[in-house]
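**Student:** Let me see the structure of the following:
(chains A, B and C)
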Amino acid sequence: MPELPEVETTARGLRERIVGKRIAEVSGIDWPRMLPNAAPELLAAVLPSLTVELVDRRGKYLILGLSDDRWLTIHRKMSGNLVFDPDGASLLAPHTHLVIHFEDSSELRFVDPRKFGRVYLFLDREELDRFLAQRLGPEPLADLTVARLRSLVEGRRGRLKSLLLDQRFLAGIGNLYADEILWDARLHPERSAGSLTRPELRRLADAIVRVLTEAIQRRGTSFSTYLDASGQPGENQSSLQVYGRAGLPCPRCARPIERRVIAQRGTWLCPHCQRLPRPAVP
DNA sequence: TAAATCCTGTCA
DNA sequence: TGACAGGATTTA
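**Tutor:** All right, here's what the predicted structure looks like:
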């Protein structure tokens, strides 16, 4: 569920709340599959007494940098939320699978109904970097120029929608923002990536940066379940142009938005604004 | 390139 | 009751 803007919003919220805090203990681990690279006992043994030194984001991964070069990395997948409780006094939400207790009795809780979310422990920075480098392409909000985008697209086959969803192409874009970006760029999701002209690449680069930046400014999209670190929903849902809006008028041309399945994902588009070019006749 | 898989909740 | 969900990996 959370994509780059939601993870970024959470990282910012957590940064101001937990940096400098010392971990007292961890509890509530009731779903060991959540921890693909560390046994629950290892987490419980390693984390206490460590201090949170930084909170960061890479793609859709949230990164907690701890003292002693320990790293905790969380991917929320479809339904995970990280909730900070300033005094650890509120009731545990249903589907809480991990609680990190700080020494001042505040808590960071991982709540994830669908249990797709994953928490990784890395024992040094190199291990973390190797893990991320294996899975993620560049950050879309770090100097995405047309030239850069063209070199990324070069040699990639496949359709724009699946390319945008590929985390090794660009890190952090998911189904909702892929549709918003393609609408903004006036590009059809089934357009083959290699066929983009220079002006089209320009539009795509601009759309990627604009859509993600504005979504961050609105603190993310709460389409159904996303909440930020303080339990607040985002505000971007009222700014969606196509996602989830089948039958409603396209904000650009007023013709109805369509829903289709493309790349095995629900896909919303304006078939008028986002036309496929006519195939060349040989 | 597509389908199956991991899960639970919600909505039509 | 069944379809669907903001993800990503594994398998065919």
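**Student:** excluding its backbone neighbours, what's nearest the residue of the stretch 151-282 of chain A at minimum distance from DNA strand B?
**Tutor:** Residue nearest to DNA strand B within the stretch 151-282 of chain A: residue A:158 (3.6 Å; CB to the nearest atom of the strand). (Glycine included, C-beta is placed from N, CA and C.) Leaving aside its sequence neighbours, residue A:158 sits nearest to residue A:193 (CB to CB, 6 or more residues apart in numbering; 6.1 Å).
**Student:** Touching, that neighbour and residue A:154? I think so.
**Tutor:** No: Residue A:193 lies out of contact with residue A:154 (CB atoms under 8 Å); the separation is 9.2 Å.
**Student:** ok, these two, which is more surrounded?
**Tutor:** residue A:193 (22 against 9; other CB atoms under 10 Å).
**Student:** For that one, report the pLDDT, please.
**Tutor:** Looking at residue A:193, its pLDDT stands at 92.
**Student:** shaky segments in chain A?
**Tutor:** A:1, A:224-225, A:279-282 (pLDDT under 70).
**Student:** As a check, name the ranges of all strands in it.
**Tutor:** Counting by DSSP state E, one finds strands in chain A at the ranges A:23-27, A:52-58, A:61-66, A:70-75, A:81-85, A:96-102, A:107-111, A:118-122, A:258-262, A:265-269.
**Student:** closest one to residue A:200 among the ones you listed?
**Tutor:** strand A:265-269 (15.5 Å; CB to CB).
**Student:** hey, what's the closest residue in space to residue A:42 that isn't next to it in sequence bridged with?
**Tutor:** What sits nearest to residue A:42 in space, not counting adjacent residues and going by CB to CB, 6+ apart, is residue A:121, at 6.8 Å. Here residue A:121 sits in beta bridges with residue A:72, going by DSSP bridges.
**Student:** Where does the stretch 51-200 of chain A get nearest to DNA strand C, which residue?
**Tutor:** Counting by CB to the nearest atom of the strand, the stretch 51-200 of chain A gets nearest DNA strand C through residue A:174, at 1.9 Å.
**Student:** how does chain A divide up, domain by domain?
**Tutor:** By the record's domain assignment, chain A is partitioned as A:4-135, A:146-269 (automatic domain parsing).
**Student:** Straight-line length of the first one, end to end?
**Tutor:** Read that as domain A:4-135. Using CA to CA, to the nearest Å, the span of domain A:4-135 from its first residue to its last is 15 Å.
**Student:** what's the neighbour count on residue A:235?
**Tutor:** 14.
**Student:** For the stretch 151-282 of chain A, which residues are neighbours of DNA strand B?
**Tutor:** Contacts of the stretch 151-282 of chain A with DNA strand B, taken as CB under 7 Å from any atom of the strand, map to A:157-159, A:162, A:224, A:263-264.
**Student:** I figured residue A:112 hits residue A:95, correct?
**Tutor:** Yes: under the criterion of CB under 8 Å, residue A:112 makes contact with residue A:95 at 5.9 Å.
**Student:** the more surrounded of those two?
**Tutor:** Shown here are residue A:112 and residue A:95; by other CB under 10 Å, residue A:112 has more neighbours (25 against 16).
**Student:** how much space is there between the nearest residue to the more buried one once chain neighbours are set aside and DNA strand B?
**Tutor:** Leaving aside its sequence neighbours, residue A:112 sits nearest to residue A:80 (CB to CB, 6+ apart; 3.9 Å). Using CB to the nearest atom of the strand, to the nearest Å, we find residue A:80 at a distance of 11 Å from DNA strand B.
**Student:** Now for residue A:80: which residues touch it?
**Tutor:** Residues near residue A:80 by CB atoms under 8 Å, 6 or more residues apart in numbering: A:1-2, A:74, A:110-112, A:114, A:116-117.
**Student:** Appreciated, that's everything.
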